[in-house]
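[1] Quick check, what structure comes out for this input:
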Amino acid sequence: MINPQMKKGLLEVCILSVLQRGDSYGYKIIKDLSNYIKLSESTLYPILRRLEASGYLMVYTVEHNSRLRKMYKITAMGTQQIKEFLIGWEEIEAIYQYIKEGIRDE
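    Numbers count the residues shown, from 1 in each chain. Sure, this is the predicted structure:
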């Protein structure tokens with residue numbers, strides 16, 4: 001089971017990664033990530049607001065079936081955040097290998 005704080009960081013970068021593939025909306029973001037990580041609407045929308053407040057994404061509306069749909073678009077800062085995550089992930093992999101090598105079968 002993933003530590004909640006680690007999962008929070010992973011969720012943020014996963015959402016940004018979805019948006020890097022193209023602008024999207026809440027339900028579709030959940031659907032796109034469903035094969036990789038469990039995500040509910042009550043978890044997603046606060047993260048989207050936090051990512052917007054941090055400047056990692058922007059929000060706009062489009063009309064869809066006579067209703068307004070809130071769309072999310074990654075910013076240059078959001079793309080940079082993904083790049084920084086990937087650099088940091090190399091360090092996490094090294095730590096993982098160190099921990100794994102120290103496990104003894106008993």
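
[2] So residue 63 sits against residue 69, correct?
    Yes: Residue 63 lies in contact with residue 69 (C-beta atoms under 8 Å); the separation is 7.4 Å. Bear in mind the C-beta positions are built from the backbone N, C-alpha and C, glycine included.

[3] Quick check: buried residues in stretch 2-21?
    Residues of stretch 2-21 classed as buried: 10-19 (neighbour count, 16 or more other C-beta atoms under 10 Å).

[4] what's the helix or strand of the chain with the lowest mean pLDDT packed up against?
    Lowest by mean pLDDT, DSSP states H and E among the helices and strands of the chain is helix 4-20, with a mean of 89. Secondary-structure packing of helix 4-20 (3 or more C-beta pairs under 8 Å, 6 or more residues apart in numbering; DSSP states H and E): helix 26-33, helix 41-53, strand 67-74, helix 76-101.

[5] what angle separates it from helix 76-101?
    Angle, helix 4-20 to helix 76-101, by axes from the mean of the first three to the mean of the last three C-alpha atoms, to 10 degrees: 140 degrees.

[6] what sits up against helix 4-20?
    Residues from elsewhere that reach helix 4-20 (C-beta atoms under 8 Å, 6 or more residues apart in numbering): 2, 24, 29, 32-33, 36-37, 39, 43-44, 47-48, 50-51, 56-57, 72-74, 78-79, 81-82, 85.

[7] Low-confidence regions, this protein specifically.
    By pLDDT under 70, the low-scoring segments of the chain are 1, 105-106.

[8] hmm, back to that, just the buried ones out of the contacts of helix 4-20, please.
    24, 29, 32-33, 39, 44, 47-48, 51, 56-57, 72, 74, 78, 81-82, 85.

[9] Look up the closest residue to residue 2, ignoring the ones flanking it.
    residue 10 (7.2 Å; C-beta to C-beta, 6 or more residues apart in numbering).
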